[in-house]
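# Give me the fold of what follows.
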Amino acid sequence: MSQDYQLIDGINVTSSEVKCPGCGTAIGVKFDPATGTLVCPFCGLNSKLPTPQNAAVTAEFDFNSALQRANVNWGRIKKLVECSNCGGQSLYDAEQITGACPFCGSTSVAPAAENNQIMAPNAVIPFAVTKEMAEQIFMDYIKKCWAVPKKVYNCKLENLTGVYLPFWTFDALTASRYCAFFRKDRDAQLEMLERDWFEYVDDIVVCASAKVKNPYIPKLQNYDITKAVPYSPEYLAGIPAERYTLGLDYCWERSKEQITRKLKKDIHLADRRQDVDWIRTNYYNVKFRCLLAPMYFGSFKYRKNTYHVAINGQTGKTLFTVPRYFAQMIIVAAIASILTLVGHFALVYLFPDSPLMWFYRFIYGG
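Below is the predicted model:
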C-alpha cells in the first residue's frame, strides 16, 4: 500500500459524538464491515449497530417539498476537504488527519468551503465487504479470466480505499401512453397500436458524483436497497464519504432515462409481440432518498500501465480491465468465425433437411 493511503488508514481522532460505550474513548473507533460493529482499539469492545432487519425503515422525502426538507447535519462529520488534483470533495472526522484523496491518491487536499444548501444523507448502506475480502475478490476475478499473461497473477492490489459514494434513489407512480409495433403471430404483418401503461417504479438509483470518473460505477451500483439503514455517523467511523455534486433536479432528469428503459422492457416482457416505438410518461407522488453506498477503489500495475479497480462494498461485484494476450484473443476469434462459417456451409449445403437446419431456420428466419 502506498504512503499516500497509509495516512487514511492510520488512527483517526473523531469528535466527541462517537465514543466507545465501554471506555468512553473517541480515538481510533472504527466501523468493521465484517461484524457490522464499532470496534474500540483500546478496550476491545465491539458495539453492535442497527441492522436492516431491526432498524427503522429508511425515510423517503416528497420530491416537491425537497427544498423545505434540506438537512445539513452530518453528525460527527464536520471537516470537508477538496482535492486540488481531481476536485473530489470528501467528508472526514472533525479532527482526523487527512493525507490523501481517496479517489485519485493525490496528497494535495485542503479544506473546502462549506455550503449550507447541501443536504445530509438520510440513509446508508453499510460496508459488508472487508479490505481482505476485496483483495481476495480481486485475485479470484483475474483467475476466472482467459488469455491472461502469467505475470498478471502476481500483481498486487494497491491503494485500496473504501469510500461512501452519494446516490439519489427515486420512487414514482407512472402513467404512460406508448406506441408499439405489434405482430399477432410469426407470419402476420406488423401493426401499429397505442396503449396505456401504469406502473410503480421503486428505487431507481442515480450516482450523485460528478468528481469520480470511474467508468464502472454505473455497472456496479446494483445495491440491495432493502439493506439500507437510517443514516447514523457511526457507520462512517474511519471511512471517508464523498459529498454529492450532482443535485436532486439534475439526477431526477437522469433517472427518467432509466425509468423509460425499464418501462419499455417491462412492456415487452408483458407481451413479447410488442416492440415499443415511443413512450410518453407522467410521474406522480415522486419520492426520493439521499443515500450513501459503499465502494472500494484501487489499482494495480502491469508493465508500465496502471489499471484501476472498482469493487462494490456491499455485494463484492468487481470490474476492471484485465491485461490479456491480444494474439490469443485474435486467434480464438478467428477460429470461432471459421467454425461458424463451416457450420453454416454444412447445414445449408450438406444437410439441408436435418433437424438442426430446421432449428437454424427457426432462429434466424431462413
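
# Strands of the stretch 251-366 of the chain, residue ranges please.
Secondary structure of the stretch 251-366 of the chain by DSSP state E, counting those that start in this stretch: the strands cover 274-302, 305-312, 318-320.

# mind listing the helices for the chain?
Using DSSP state H, the helices of the chain run over 3-9, 131-143, 217-220, 248-270, 326-345, 355-364.

# Tell me which residues of the shortest one come out buried.
Residues 217, 220 are the ones in helix 217-220 that count as buried (16 or more other C-beta atoms under 10 Å). Heads up, the C-betas are built off the backbone N, CA and C, glycines and all.

# Same question for the longest one.
Judged by neighbour count using 16+ other C-beta under 10 Å, the buried positions of helix 248-270 are 248, 251-252, 254-256, 259-260, 263-264, 267.

# Switch the residues you listed over to CSV; also include distance to Leu190 and pLDDT.
CSV is the format used below for the buried residues of helix 248-270 (distance: C-beta to C-beta, whole Å; pLDDT from 0 to 100):
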residue, distance to Leu190, pLDDT
Leu248, 41, 88
Cys251, 37, 90
Trp252, 35, 92
Arg254, 33, 93
Ser255, 32, 95
Lys256, 28, 95
Ile259, 26, 96
Thr260, 22, 96
Leu263, 21, 95
Lys264, 17, 94
Ile267, 16, 93
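
# and which of the residues you listed is nearest to Tyr302?
Arg254 (34.4 Å; C-beta to C-beta).

# Show me how the chain divides into domains.
For the chain, the structural domains run 51-73+119-324, 329-364, going by automatic domain parsing.

# now the strands of the stretch 251-366 of the chain in CSV, with mean pLDDT, distance to Tyr164 and mean neighbour count?
What follows is the strands of the stretch 251-366 of the chain, written out as CSV (pLDDT from 0 to 100; distance: least, C-beta to C-beta, whole Å; neighbours: other C-beta atoms under 10 Å):
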stretch, mean pLDDT, distance to Tyr164, mean neighbour count
strand 274-302, 92, 4, 19
strand 305-312, 92, 12, 19
strand 318-320, 91, 18, 18
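
# Just send the ones you listed back as CSV, with distance to Ile239 too.
Output for those, formatted as CSV (distance: least, C-beta to C-beta, whole Å):
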stretch, distance to Ile239
strand 274-302, 8
strand 305-312, 14
strand 318-320, 19
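
# Of all those, which one comes closest to Leu220?
strand 305-312 (4.7 Å).

# Which neighbouring elements make contact with that closest one?
helix 131-143, helix 217-220, strand 274-302, strand 318-320 (3 or more C-beta pairs under 8 Å, 6 or more residues apart in numbering; DSSP states H and E).

# picking up where we left off before, between the strands of the stretch 251-366 of the chain, which one is closest to Pro21.
Evaluated with C-beta to C-beta, the strands of the stretch 251-366 of the chain place strand 274-302 nearest to Pro21, the distance being 23.4 Å.

# Out of the domains of the chain, which one sits most buried?
Ranked by mean neighbour count under mean count of other C-beta atoms under 10 Å, these are led by domain 51-73+119-324, which reaches a mean of 17.

# Who does Ser299 form a beta bridge with?
Note on Ser299: beta-bridge partners by DSSP bridges are Glu158, His308.

# if I look at it, how far off is Ala210?
Applying C-beta to C-beta, to the nearest Å, the value for Ser299 to Ala210 is 21 Å.

# go on, Lys156?
31 Å.

# pull the helix or strand with minimum mean pLDDT from the chain.
When the helices and strands of the chain are scored by mean pLDDT, DSSP states H and E, helix 3-9 comes last with a mean of 26.

# quick one: low-confidence ranges for the stretch 1-150 of the chain?
1-19, 25-27, 50-58, 67-81, 84, 87-117 (pLDDT under 70).
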